Every structure is written in C-alpha cells, then in structure tokens.
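Chemist: Got a predicted structure here, sequence first:
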Amino acid sequence: MSDSYQKVSEEQHKNVPVNPYGPNPADYLSNVRSFQLIESTLREGEQFANAFFSTEKKIEIAKALDEFGVDYIELTSPVASEQSRADCEAICKLGLKAKILTHIRCHMDDAKVAVETGVDGVDVVIGTSQFLRQYSHGKDMSYITKSAIEVIEFVKSKGIEIRFSSEDSFRSDIVDLLNIYKTVDKIGVNRVGIADTVGCANPRQVYELVKTLKSVVSCEIECHFHNDTGCAIANAYTALEAGAKLIDVSVLGIGERNGITPLGGLMARMIAADRDYVMSKYKLHKLRDLEILVAEAVQVNVPFNNPITGFCAFTHKAGIHAKAILANPSTYEILNPSDFGLTRYIHFANRLTGWNAIKSRVEQLNLNLTDDQIKEVTSKIKRLGDVRPLNIDDVDSIIKDFHTDVHTPRLGPTNGPAIDEESNLLDSVKRPRLN
Ligand SMILES: CC(=O)SCCNC(=O)CCNC(=O)[C@H](O)C(C)(C)COP(=O)(O)OP(=O)(O)OC[C@H]1O[C@@H](n2cnc3c(N)ncnc32)[C@H](O)[C@@H]1OP(=O)(O)O
Ligand SMILES: O=C(O)CCC(=O)C(=O)O
Ligand SMILES: [Zn+2]
C-alpha cells in the first residue's frame, strides 16, 4: 500500500442522515438488533477443501473466536475421527466464554459420543428434502421424526442444549418441515435450525419460511446459509428480519464448496443496521487478525474485495469521491474504518484524481501553492497518468518540481534552452525545469 496510497485523517463520519430504508423499529419480528452468532469455522469450516486444522491450530482459532466475542463455537462431530473427538474434549476444557457445540447426525450412536465430550450443546441435523431422503440416508419422515425424538430426549436428559435442524430445508416439503419442527418444539428444544444446504434460497424465500416457522414454534430459530448463488449474507440478514435469532457463520465463509455466510461480511451488514449493538458485543478490531489467522491456516488469501478487510475496502480513488470523502467520510462510506481499527486511504496517484485530492497532498507535504497552481499541477499528474501507472513518489516529484519552479525566480530564456513540456513530460518528473 505504502507507495501508491495516502493515509488520510481518522476523521469521524459527520451528519450521517437517517436511512429511510433502515430497519423499521416497528417490525416486532426482527432480531436485527439482538442476534447471536454460531461460529462454525471449526465445523463447517473444516469441510472447506483446503482445511486441515491441527489440535494446536483449533485451540488457537477457538481462543481467537472467543476473544472476538462469538456466542457459540460449533465443532466437528466427535464421531468423524478419534482426533476430532479428542480435540472437541480439549476445546471444552479451555473454559472459554463462548458456549461449545458439536454437530452430529440424527442418530443415537453419534449422540452418545457427543454428550460425553463436555460440550454445552449438541446440534443435530438430518436431511428432509426428497433428494437427501432418497440418496443420502434413505429414511422417510416418520423414521426421521422417531429418531429425532429419541435423540433430543436423550441429549436433554444430559442437561445440555439441543438444537434440531433440517438439512436442505428450502427443497423440503413445507408440511413435512412444519410438522417436524412443531414436534421437536413440543418436546422442548433450545433451537430449531433451517439450512440452505445447497445455497438455492433467495431473501424473499428466506423471509417467508422463517416467518412461517416463527408462527409455529416457540423456541429460537437458527439459520445456516450456503453461498453457492451469492445470497448468504443477504439471506442471513433477511432471516433476522423475519425473526430468526442465530446465524451460522465461519471466518471468511469457509465451508463445503464455496462456503457459508462469512463472519466479517455479516458484521459489515449488521453494523450498518445497528452499530451500537454490534460494537457492544463483538471486538471488531480483532476481525482482521482473525481472518489472517484462518486464511493462513487454510492457505488462502483474504479476498481483495472482502467486506471490511479487503485491501481496498476503505480506499477512495476517483476525484469526485476523494473530494467529498475529505470533506465528510460519510459521503462515500457506510462503514467507518476506525470501528475495525483500520485506516482510510485516498488513492491520488492516478489519472482519475482531482485537484482537491492533490491539494490535500500538497498540504501534507507542507508546500504552498494557490488553487490555480494546484489545478495546473493536477493536469501534469493526469498527463503522466495517461502514460503509465503512477505511484506516490511520481506525484510527489511532480508536485515538488512544480513548487520549486513557481517559487524560483525566472532566469529568462538566455539561461538555457526551453524544454517542450509535452515531449519532456517524463523527464520533467525527475529534475527541475528552467524555462
Ligand atoms: C450438510 C452438512 O454439512 S452435514 C455435516 C457433515 N459433516 C460430516 O459429514 C462430518 C464428517 N463425516 C464423517 O466423518 C463421516 O461421514 C461419518 C463418520 C459421519 C460417517 O461415516 P461413514 O459411517 O463412513 O458413512 P458415510 O460418510 O460414507 O455416509 C454417511 C452415513 O450417514 C448416514 N446419514 C447421513 N446423514 C445423516 C443424518 N443426518 N442422520 C443420520 N444418518 C445420516 C448415511 O445414511 C450414511 O450411512 P450408511 O451409508 O452407513 O447407511
Ligand atoms: O446443521 C445445520 O443446520 C446445517 C448443516 C449444514 O452444514 C448444511 O446443511 O449445510
Ligand atoms: Zn453447511
């Protein structure tokens, strides 16, 4: 960043207008201002193609998630492997503030192992769509209901939390879904879960399903959204608006295929909706380090366009934007980088820059130029920017040369040959001109 970008002031946003499209406080269903996070980097995230977490790495990630302030940490099923079981036990013993969950199939064999690990709760899942009933577990709805009741009653008898979830909820029959949720709610689960396992749902469908489910169960609703069609964050937000309380996330969204709702992206969405709630609950300054920790663990880069932490998420380039940002950052920023311990930049070393951005650079360099002179030097910068990409040193040289030029008494044409400005443009960056 350092050679092409200018760090600009930490100025706070000013005169932020009320957003007429913001959450409507009259919407009694909405949990936008009271949501919780089920962080699944160590469960769904372990299903990401590149993921292998050693015990030490799992512990480091669990501690970092806890420090960030997530409400729950979900871990891989203890029946997945012997080490998965041992890791689950080890994380339970850390004494974290977040509640620890593990995730199992709807089967007594899994449940018996899960309750012995020391977890605070068990997330049970079973596919309810025709696809999964036919090609995954091969069970019908009455078998599913029977085994759900058995597993739920068993886990409850151990005095720990229990959540029942249908897999592939959005391709399941609505009557089957509502029947099974009503049944498990009656037995007394802490939460029921809806899962968009294949990422097929859109926000309108999410709103409808969550709202309908809300009208038939008394327990909390958790939602899990895959991002195959790019709706994972929007669906999560809409689910909260419709009355869901808990959202499954993972760091950078890692998970099966292209993953689920990303923690950082959801934070961006939620802080735009209710900054006070989000700031009071989550340590947003830790987000960048958390993402780097997980990105390195699974050998990927933080995406360039990631919400909040993408390398240019708070960099403003076009002259029109730069002018307004310098006057009031709220003009072109919905999020304030300082909320995340980050910095705003103006990218002025390019041909889209404007004289207001260059004026700010001139002031940073402690040089004295009139507005007309700054406009002239801006034209020079643009001309060079038409020839090649620029960096800060290029721009600073042009400004400093110009400054020297206008503050040096003219020596007259007899002191040297005139230099044609157009043909010597590149040269003029390097040394003062004497014309
Ligand atoms: C959408 C999701 O992400 S759900 C969570 C996915 N998580 C995991 O799969 C955890 C990692 N998985 C594993 O380690 C293994 O798959 C295990 C240990 C769970 C099971 O391994 P295996 O016994 O070798 O079975 P395999 O993985 O080949 O097939 C899955 C089995 O679970 C059954 N099954 C699948 N889903 C469920 C369910 N929700 N509830 C009960 N049984 C289920 C299938 O019928 C199949 O059983 P069968 O072939 O023995 O009849
Ligand atoms: O347990 C759940 O709610 C979700 C399981 C899962 O990962 C999925 O369906 O994609
Ligand atoms: Zn999933």
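Modeler: Received it, and whenever you're ready, just let me know what you need. Numbering: from 1, shown residues only. Ligands and ions are numbered 1, 2, ... in the order given.
Chemist: I figured residue 313 hits residue 307, correct?
Modeler: Yes - using C-beta atoms under 8 Å, residue 313 is in contact with residue 307, at 6.6 Å. The C-beta positions use only the backbone N, C-alpha and C, and glycine is treated the same way.
Chemist: and residue 80, what helix or strand is that in?
Modeler: Secondary structure assigned from DSSP states H and E places residue 80 in neither a helix nor a strand.
Chemist: Please list the residues of this structure that sit near ligand 2.
Modeler: 44, 103, 123, 125, 165, 167, 193, 195, 197, 224, 226 (C-beta under 6 Å from any ligand atom).
Chemist: Can you flag which of the residues you listed belong to strands?
Modeler: Of the residues of the chain next to ligand 2, the ones assigned to strands by DSSP state E are 103, 123, 125, 165, 167, 193, 195, 224.
Chemist: how would you label the nearest residue to residue 279 once chain neighbours are set aside: helix, strand or coil?
Modeler: Closest residue in space to residue 279, ignoring its immediate chain neighbours: residue 339 at 6.7 Å, by C-beta to C-beta, 6 or more residues apart in numbering. Secondary structure assignment for residue 339 (DSSP: H, G, I helix; E, B strand; the rest coil): helix.
Chemist: how near is residue 339 to residue 289?
Modeler: Distance of residue 339 to residue 289, given as C-beta to C-beta, to the nearest Å: 15 Å.
Chemist: Compare the two and say which one has the larger neighbour count.
Modeler: residue 339 (17 against 14; other C-beta atoms under 10 Å).
Chemist: which residues does the more buried one contact?
Modeler: By C-beta atoms under 8 Å, 6 or more residues apart in numbering, the contact set of residue 339 is 271, 275, 279, 284.
Chemist: Can you report how many residues neighbour residue 186?
Modeler: Other residues near residue 186 come to 12 when the count uses other C-beta under 10 Å.
Chemist: still on that earlier bit, show me which of the contacts of residue 339 is closest to ligand 2.
Modeler: Distance to ligand 2 across those (C-beta to the nearest ligand atom) is lowest for residue 271, with 25.0 Å.
Chemist: How about the closest one, nearest residue that isn't a chain neighbour?
Modeler: Going by C-beta to C-beta, 6+ apart, residue 271 has residue 278 as its nearest residue, at 4.4 Å.
Chemist: Which SSE is immediately downstream of the helix or strand the one you found falls within?
Modeler: Using DSSP H and E, residue 278 sits within helix 275-281. Moving toward the C-terminus from helix 275-281, the first helix or strand encountered (DSSP H and E) is helix 287-297.
Chemist: Check which helices and strands that next one sits against.
Modeler: Counting contacts by 3 or more C-beta pairs under 8 Å, 6 or more residues apart in numbering; DSSP states H and E, helix 287-297 packs against helix 55-68, helix 263-273.
Chemist: Identify, out of those, the most deeply packed stretch.
Modeler: Across those, averaging neighbours per residue (mean count of other C-beta atoms under 10 Å) puts helix 263-273 on top, at a mean of 22.
Chemist: Please name every helix or strand in contact with it.
Modeler: strand 36-39, helix 232-241, strand 246-249, helix 275-281, helix 287-297.
Chemist: re the thing from before, what about the residue nearest to residue 271, how many neighbours?
Modeler: Burial of residue 278 is recorded as 21 neighbouring residues (other C-beta under 10 Å).
Chemist: so it touches residue 287, yeah?
Modeler: No - applying C-beta under 8 Å as the test, residue 278 and residue 287 come out as separate, 11.1 Å apart.
Chemist: so what's in contact with the two at the same time?
Modeler: Taking C-beta under 8 Å, 6+ apart as the contact rule, residue 278 and residue 287 both touch residue 267.
Chemist: And the helices in the stretch 251-400 of the chain, which stretches?
Modeler: Under the criterion DSSP state H, counting those that start in this stretch, the stretch 251-400 of the chain contains helices at 263-273, 275-281, 287-297, 319-327, 355-364, 371-387, 392-407.
Chemist: In the shortest one, which residues are buried?
Modeler: Just to be clear, that refers to helix 275-281. Of all the residues in helix 275-281, those buried under the rule 16 or more other C-beta atoms under 10 Å are 278, 281.
Chemist: Run the chain-centre distance for it.
Modeler: Put simply, helix 275-281 sits 15 Å off its chain's centre (C-alpha atoms, centre = their mean, to the nearest Å).
Chemist: Having no further points to raise, I will conclude here.
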